[in-house]
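1. What follows is a predicted structure for the sequence shown.
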Amino acid sequence: ATFTEVPKDVTVREGDDIEMPCAFRASGSTSYSLEIQWWYLKEPARELAHELAISVPGSRSKVIHWYRTCLCYRPTPIYVPVNTA
């Protein structure tokens, strides 16, 4: 099983619409339950990554994860449950 399409980092102006494509392909007979989250963050991504690096020392993968998911207009997370059972 793998993600075949993931959201890309984008820069937009206030009021612009954006698309956040995401696709997952299941394999075999295994059941999958996914929860995909997009987050709205006011700070530029570069500053945010620096702050996370300071607050989570030795956890570079977490910094990259948060940096790559900062795409949303809403102040709360958007949960998109995906069931392939």
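-> All right, it came through fine.

2. With just CA atoms, put stretch 28-35 into CSV.
-> In CSV, the C-alpha atoms belonging to stretch 28-35 read as follows (Å, rounded to 0.1, in the frame of the first residue of the first chain):
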residue,chain,number,x,y,z
GLY,A,28,-3.6,-7.2,-1.1
SER,A,29,-6.5,-8.2,1.1
THR,A,30,-5.4,-6.1,4.1
SER,A,31,-7.9,-3.5,5.3
TYR,A,32,-6.7,0.0,5.7
SER,A,33,-8.1,2.9,7.7
LEU,A,34,-6.4,6.3,7.1
GLU,A,35,-6.8,9.7,8.7
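
3. Averaged pLDDT, that stretch. What do you get?
-> Summarised as a single mean, pLDDT over stretch 28-35 is 74.

4. how many neighbours does the closest residue to residue 27 other than its chain neighbours have?
-> The shortest distance from residue 27 to any non-neighbouring residue, by CB to CB, 6 or more residues apart in numbering, is to residue 1 (4.9 Å). For the C-beta atoms, the positions are set from N, CA and C on the backbone; glycine is no exception. Residue 1 is flanked by 11 other residues according to other CB atoms under 10 Å.

5. Provide a list of residues in contact with residue 1.
-> By CB atoms under 8 Å, 6 or more residues apart in numbering, the residues touching residue 1 are 24, 25, 26, 27, 28, 30, 32.

6. got a pLDDT number for it?
-> Looking at residue 1, its pLDDT is 73.

7. now swap in the one 3 residues further on and tell me
-> According to the model's per-residue confidence, residue 4 sits at a pLDDT of 84.

8. Run through the residues that contact it.
-> Neighbour list for residue 4: 23, 24, 25 [criterion: CB under 8 Å, 6+ apart].

9. Please state the backbone phi and psi of residue 25?
-> Backbone dihedrals for residue 25, given as degrees, to the nearest 10, come out at phi -110, psi 120.
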